[in-house]
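Enquirer: requesting a structural model of the entry that follows:
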Amino acid sequence: MAIENYPNTLRPHRDGARGSAHKDVGGSEALVVICAVLVSREFPVFHENPALDLKFFSFHGGFRITLLTHAEPVVFRVANANLATYDLMASNSIRRSRTVRCWVRLKIAAALLGALLALYGLTIDAAQGEIVWFRFKKSFIESRYPTDVAFGSIEVSDLWKVGPAHYIKNPTCSGTDGEVHLGVYEEDLDWPGSSETFSFPVGNDKVAWGLVIEPPNVTAADMTALRAIEKTPATFDGYLRVWNEGHWNDEEEKEESGSSNPNHVLGLHPAWRVRSSSTAFPTRDFPVFAMANYGGYGLSKFSPVAQKLKSGDWLKVYQTSTSVYLSLIETSNFFTLPMIVRSVAATTIGAKLLTVDVCAERACSSGQFVLTGLRAVVVPSAEEGVPLVVGNQAELLGFFSVNLRAAMAGSKNAKKKSQAIVLQNALEFFVFGRAKVGPVKNSQCEPE
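Expert: Predicted structure coming up:
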């Protein structure tokens, strides 16, 4: 049985992407076999092969099995599964007494993954750095994006959902980043024109679409406050972020009770303030700063993304009379990168706009750069009392985003896809602060 026979139930996701949405494997018994066999037998195997290593972890009542390679990990996750209901030895068919929800994140050369799956008579076609086109309404950009920095507000109705507090105690790397997902479907946004789609995956069905609001550095007290105002009208202030982590097609249908991680490409991330009508928690702030023990992905992950940008493979933009079209590469969330500050400019709202060069090695001693002239956004709390100034050399923790206002302004003469232009100056880096630990190379937090 080949997994590619089930393109709608199994989709590739890059290592490090995360979310609370579960994907139902439906008829993909092949995927269930892999998950169940690996978990139930608690491999590790292949230790004799230095290119392949299976590691077994428990998480939140489920399991995670990671195949480490010389490239990057493949992560199999099984949640809410009663593995004892599978009789794998008695028959080639799968006897299921309940649904297993399982999703696979893939970022590996197909040949290496095939070597593992061949043991079970399975094949899979893995995607790497998939580039997807998205459409954004000009009316949304014009009404929601300021002209200088992408700071804005999102108003939600009484149908938004707080995700689980999985990661607030000890942020380390990848998805354990000290944040929480607050999800809202687009029809439950509470602003003029919100019933009209503001973003859209081009050439794909728009299913369970919305956006995610992500407060940073969340504490247990913060979670109590958010739970208290959940599903009541509220307004969130923060950074309008556009990035493709692979969450644009996680959900195959809307969840009746709401979702903390609906399909999306745009979010308010970080969201540093919530205002509600609640008398108990009318306003709450979430300060932005670098997490104490958190390492973002390093140059080994970012350099290929930057190279594809410079070669013109992604961040192509064109526009019509009503919409801006943008191609985004699917990649990771937080990065810890060595940078040199080349310029600093103040804004009217207190944030700083930096121009930085990303060094080609951590020491920044070679004079070589992966990317130059990158715009970086810094809020005061991220500096933690030590301002970033011209000439500073530091490893900065943060993430990338595409500024839609800059993309729209820079593509005025590109009126159709064949005229699309690469707009590197629409890319920006939101700084959480000076990194407090070094970068990592995979979701197991191995140092780079």
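Enquirer: next one: Phe285 from His247, what distance?
Expert: Slight slip there: residue 285 is Asp, not Phe. Distance, Asp285 to His247, using CB to CB, to the nearest Å: 26 Å. In this view, the C-beta of every residue, glycine as well, is placed from N, C-alpha and C.
Enquirer: which one of those two has more residues nearby?
Expert: For Asp285 versus His247, neighbours defined as other CB atoms under 10 Å are more numerous around His247 (22 against 12).
Enquirer: just the CA coordinates of stretch 293-302, formatted as CSV?
Expert: Presented in CSV, the C-alpha positions along stretch 293-302 are these (Å, rounded to 0.1, in the frame of the first residue of the first chain):
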residue,chain,number,x,y,z
ASN,A,293,16.5,28.6,27.6
TYR,A,294,15.2,28.7,24.1
GLY,A,295,17.3,28.1,21.0
GLY,A,296,15.9,29.0,17.5
TYR,A,297,17.1,27.2,14.4
GLY,A,298,20.4,28.3,13.1
LEU,A,299,22.2,28.9,9.9
SER,A,300,22.0,25.3,8.7
LYS,A,301,18.2,25.8,8.3
PHE,A,302,18.2,29.4,7.3
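Enquirer: can we start the residue count at 23 from this point?
Expert: With 23 as the first residue, the last one maps to stretch 315-324.
Enquirer: name all residues that make contact with Ser388.
Expert: 381-382 (CB atoms under 8 Å, 6 or more residues apart in numbering).
Enquirer: please apply the same query to Ser175.
Expert: Taking CB under 8 Å, 6+ apart as the criterion, Ser175 is in contact with 257-260.
Enquirer: direction included, what does the helix or strand containing Gly289 pair up with?
Expert: Taking DSSP states H and E as the criterion, the element that holds Gly289 is strand 288-298. Paired strands of strand 288-298, with direction, are strand 232-235 (parallel), strand 256-264 (antiparallel), strand 305-307 (antiparallel) (DSSP bridges).
Enquirer: which one of those is the most hemmed in?
Expert: strand 232-235 (a mean of 26; mean count of other CB atoms under 10 Å).
Enquirer: next SSE downstream of it?
Expert: Later in the chain than strand 232-235, the nearest helix or strand by DSSP H and E is helix 242-251.
Enquirer: buried sites along that next one?
Expert: 244-245, 247-248, 251 (16 or more other CB atoms under 10 Å).
Enquirer: which residues sit against stretch 237-244?
Expert: Contacts with stretch 237-244, where a contact means CB under 8 Å, 6+ apart, come from 187, 190, 200-202, 204, 248, 292-294, 296, 306, 308-311, 313, 454.
Enquirer: what's the average pLDDT for stretch 445-455?
Expert: Here stretch 445-455 scores 97 as its mean pLDDT.
Enquirer: surely His168 forms part of a strand?
Expert: To be clear, residue 168 is Pro; His isn't right here. No - counting by DSSP: H, G, I helix; E, B strand; the rest coil, Pro168 is not part of a strand but coil.
Enquirer: ok, it to Leu426 distance?
Expert: Pro168 sits 11 Å away from Leu426, going by CB to CB.
Enquirer: which of those two has more neighbours?
Expert: Using other CB under 10 Å as the criterion, Pro168 and Leu426 rank with Leu426 on top: 25 against 13.
Enquirer: I'd say that one and Ile163 touch.
Expert: Yes - between Leu426 and Ile163 there is a contact at 4.8 Å, judged by CB atoms under 8 Å.
Enquirer: and for these two, which residues touch both?
Expert: By the contact definition CB under 8 Å, 6+ apart, Leu426 and Ile163 are jointly contacted by Val346.
Enquirer: mind listing the strands for the stretch 273-422 of the chain?
Expert: Applying DSSP state E, counting those that start in this stretch to the stretch 273-422 of the chain gives strands spanning 288-298, 305-307, 338-341, 345-351, 356-368, 374-381, 391-400, 415-424.
Enquirer: cheers, nothing more for now.
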